[in-house]
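Asker: got a structure for you, letters missing:
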């Protein structure tokens, strides 16, 4: 017998016997309110319909499915460990498998077996936390019942440890031996209680990446390493202008190359928003292998004609932004308006003003855009590196018209996401080309296409006016921000475009009595999309640098200025619910200050900078030390403190925090995308120089605050405070205030 | 494109010897009879399906495409097959020993968690191997010369892994 347990409004735990006496506990999520769970007796051995999460085999091996794509955030390790802990599994016996997209056909509409499957957005753990513990707890409960039946004693006299049920007299029963009997037990009608945290054995303990061994031996396949027999390879030459037109094309030199199969034109479909159609008009060369396709692309003779975007320049856009911010024009959106900023001026002992400029950025994922697709009578099968397989699915479904369960999207480990893979232009391109040549096909974007045809992070211009009273309190704060919204053209109403550019809750909102935040919309034809840690990254640089400027104008220690601005430990309500716990914010700030010996070093020849921020219930601070010899700037130390509530995998968290710190340093020091005459000017790692080993500090010192609240995501948490801490340190060492990124170029200009 | 993996046993008939490029990859003999101008990267990936070596960019600046050629870190997209006659190529797959045991450097990358998305890791391993071939006890300034890029920010953990591997290899040499 088997059965199901209602987990929550949307979820069900289901129990079944697998082949060879395995116990399987899955979570099936009914996304649509009208979707009834599939009756268990109809499932048969179709585990994908069950929503496989954990399977205990008779040999004691435990197989756990990892639902969310892993872009390097470690969710393939951390999510299964949440189940394994509740189960009291022996982690040495656990094998983790990446689940593909779980979709079944519900009257011609997709039914998402595993609920939302998304990676690299920082919310995998918070989304899965309750359900995964419930699944592990139920599996453990069933195993204990099975042992209790065999022993003829109540289950509450048994305990579990490392894959064993242990009787009061010391007898031990391996989970494998109990699995078949456990699968026959009817689960309780209400969820089994989960562990109290003092009994965690894996949560909070460090674990290496489950894929590590295969990665260091070159055996982990990325989508680019998957194969469908003799799939042909397509390489694109995109128009340099997103709205450009093909003026002239001579296919013959490419077709003359032996092994080049075809040359095909692609165009965006204006009916579909960015991310769901071809990114820019393109010519694709289809060949027997990648090398031939690349040669074919080089041989093409083609000219593009610019569209209306042909006169766009980032420098002009920035000038427009600056004049807009300095004008009396009404903002596109008044994001927040507390107190009365206009009348707060009479309290002014001091006014501080500044303008900050941040560049456009590309995602520059290590694994370039690619997609392997096979479409035949049985359906479509794809290997696609996506952060959102469901969104990829919708693109495939629209282009093929196939029934939901005939589209099989498989997940491999992903060579970085950073938001780029939430858009699926490359999937649309691959499907259209596979249909055109009627063969299995691999789409491959060379690096120059990747850097010149991205959904970029928009550049920003921030202006600030702050008013400080005689007691050195910041009484008024007026922020004006101009940027091109990520959401433009994506079906979002104009009054919500600001939400991708600024948060109404960003610091110091709630801390300053008279506070105003205005957003001004800029128009640009350059495609924009989600980008690591935005909008927090751009806003934190501007805000945390400006707080340093206020400290400097008051001739005081920037740490003291910050602490006075934050004020007493309390809960500051957030608009939309929740609160900032200022005690936790103060704590991370003080931790990094103590760790870098702020008071001692403030007078040293080196420069120290500090910054703090909060992101979705988590808190972060950085302290950075730099030294200067002539025009050589060295980052001596980087210290980061994070408070994410409960830590699932401290080793994984440390890696995420150190990695985000270095990546944010790389961006802040070096990176900018510029557009001239409508064309992106950066196309190689020379133009878009991620930081070298030598440019980065030798270590990142990570301090994790132990917490017992529900866990929050951490993948981009450590990004926002890096650039301001760096710029504040650079100001200390060189007296040069960098208000424009990338820092190195601006610093050398001002030095 | 005909490719022979090692030399087949002769059947007695005298077959015409195809012109081509003979080379060793991870200790095995290969005979490339295709375009001599094909970069090694595409021979490894598209022909042999040795996918551990990654594409980073057309100019090899990111280091994801590094392999060892006669013991030296070399951009596999920057070297054509025509230059490889008689050469010994080692890819990331070839770093394990004959029994499949990990090289101390590979183990150190695991122990130090020097992995983000993992895509560029093979290139870091090859560059680090080359470094350790030249410096048994590399200083920070030596490690600073590695040409690799990493978007996930693994550089500090790679640095620790190289030092850990150097110590383990010294220990191993003494034993």
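Answerer: Perfect, I can see it now. For clarity, every value in this text was computed on a predicted model and none was experimentally measured. Residues are numbered from 1 along each chain as shown, chains lettered A, B, ... in the order given.

Asker: residue of the stretch 201-350 of chain A closest to chain B, please.
Answerer: residue A:218 (2.1 Å; C-beta to the nearest C-beta). Every residue, glycine included, has its C-beta placed from N, CA and C.

Asker: ok, residue A:492 - how many residues close by?
Answerer: Residue A:492: 15 surrounding residues under other C-beta atoms under 10 Å in any protein chain shown.

Asker: about what we covered before: list phi and psi for the residue of the stretch 201-350 of chain A closest to chain B.
Answerer: Main-chain dihedrals, residue A:218, degrees, to the nearest 10: phi 70, psi 20.

Asker: got the contact list for the nearest residue to it once chain neighbours are set aside?
Answerer: Leaving aside its sequence neighbours, residue A:218 sits nearest to residue B:52 (C-beta to C-beta, 6 or more residues apart in numbering or on different chains; 2.1 Å). Each residue near residue B:52 by C-beta atoms under 8 Å, 6 or more residues apart in numbering or on different chains is listed here: A:217, A:218, A:219, B:91, B:92, B:93, B:122.

Asker: repeat that with 10 Å
Answerer: A:214-221, A:225, B:26, B:44-45, B:67, B:91-95, B:121-123, B:125-126 (C-beta atoms under 10 Å, 6 or more residues apart in numbering or on different chains).

Asker: pull out the buried residues from those.
Answerer: Neighbour-count burial (16 or more other C-beta atoms under 10 Å in any protein chain shown) is assigned, among the contacts of residue B:52, to A:215-218, A:220, A:225, B:26, B:44-45, B:67, B:91-95, B:121-123, B:125-126.

Asker: show me these that map onto helices.
Answerer: Mapping those onto helices (DSSP state H) picks out A:215, A:216, B:121, B:122, B:123, B:125, B:126.

Asker: low-confidence ranges in the chain?
Answerer: In the absence of a named chain, this looks at chain A. Applying pLDDT under 70 to chain A flags the ranges A:1-11, A:29-52, A:602.

Asker: wait, chain B
Answerer: Regions of chain B meeting the criterion pLDDT under 70 cover residues B:1-18, B:175.

Asker: can you give me the helices in it?
Answerer: Applying DSSP H to chain B gives helices spanning B:40-42, B:104-111, B:121-134, B:140-143, B:155-174.

Asker: and the stretch 301-450 of chain A, by the same measure?
Answerer: A:314-325, A:389-400, A:425-437, A:447-452 (DSSP state H, counting those that start in this stretch).

Asker: can you list the residues of the stretch 551-700 of chain A near chain B?
Answerer: Neighbours of chain B within the stretch 551-700 of chain A, by C-beta under 10 Å from any C-beta of the partner chain: A:638, A:651-652, A:654-667, A:683-686, A:688-700.

Asker: ok, of those residues, which come out buried?
Answerer: Counted by 16+ other C-beta under 10 Å, those give A:638, A:651-652, A:654-667, A:683, A:685, A:688-693, A:695-698, A:700 as buried.

Asker: in helices, which of the residues you listed appear?
Answerer: Taking DSSP H, the ones among these that sit in helices are A:651-652, A:654-667.

Asker: ok, and for the helix or strand where residue A:84 lies, which residues are buried?
Answerer: In this assignment (DSSP states H and E), residue A:84 forms part of helix A:75-87. Going by neighbour count (16+ other C-beta under 10 Å), the buried part of helix A:75-87 is A:75-87.

Asker: cool, and stretch A:581-597?
Answerer: The neighbour-count check on stretch A:581-597 (16+ other C-beta under 10 Å) flags A:581-582, A:584-593, A:595-596 as buried.

Asker: next one: stretch A:742-751
Answerer: Buried, per 16+ other C-beta under 10 Å, within stretch A:742-751: A:742, A:743, A:744, A:746, A:747.

Asker: quick one: is the following helix or strand past the helix holding residue A:84 near chain B?
Answerer: Per DSSP H and E, the first helix or strand lying C-terminal to helix A:75-87 is strand A:94-98. No - if you take C-beta under 10 Å from any C-beta as the test, strand A:94-98 misses chain B, and the best it gets is 13.1 Å.

Asker: relative to helix A:75-87, how tilted is strand A:94-98?
Answerer: 140 degrees (axes from the mean of the first three to the mean of the last three C-alpha atoms, to 10 degrees).

Asker: can you pull the phi/psi pair for the residue nearest to residue A:218?
Answerer: Backbone torsions of residue B:52, given as degrees, to the nearest 10, read phi -60, psi -30.

Asker: next: the one 5 residues further on.
Answerer: Backbone dihedrals for residue B:57, given as degrees, to the nearest 10, come out at phi 180, psi 170.

Asker: how near is it to residue A:661?
Answerer: Separation of residue B:57 from residue A:661 (C-beta to C-beta, to the nearest Å) stands at 24 Å.

Asker: could you do residue A:519 as well?
Answerer: Counting by C-beta to C-beta, the separation of residue A:519 from residue A:661 is 28 Å.

Asker: give the contact list for the most far-flung residue of chain A relative to its centre.
Answerer: Distance from the C-alpha centroid of chain A peaks at residue A:152, with 50.2 Å (C-alpha atoms, centre = their mean). Not one residue lies near residue A:152 by C-beta under 10 Å, 6+ apart.

Asker: and the furthest pair within the buried residues of stretch A:742-751?
Answerer: Based on C-beta to C-beta, the longest span within these runs between A:742 and A:747 and measures 9.2 Å.

Asker: where do the contact lists of these two overlap?
Answerer: In contact with both residue A:742 and residue A:747: residue A:669, using C-beta under 10 Å, 6+ apart.

Asker: mind checking how far the residue of chain B found nearest chain A is from residue A:369?
Answerer: Going by C-beta to the nearest C-beta, chain A is nearest to residue B:52 of chain B, at 2.1 Å. Using C-beta to C-beta, residue B:52 is found at 21 Å from residue A:369.

Asker: got it, and residue A:487?
Answerer: Residue A:487 is 22 Å from residue A:369, by C-beta to C-beta.

Asker: which one's more surrounded, the two?
Answerer: residue A:369 (29 against 20).

Asker: phi and psi next, for the more buried one.
Answerer: Torsion angles at residue A:369 (phi, psi; degrees, to the nearest 10) stand at phi -60, psi 130.

Asker: that one touches residue A:444, doesn't it?
Answerer: Yes - assessed by C-beta atoms under 10 Å, residue A:369 is found in contact with residue A:444 at 8.1 Å.

Asker: who touches residue A:154 in this structure?
Answerer: A:144, A:145, A:148.
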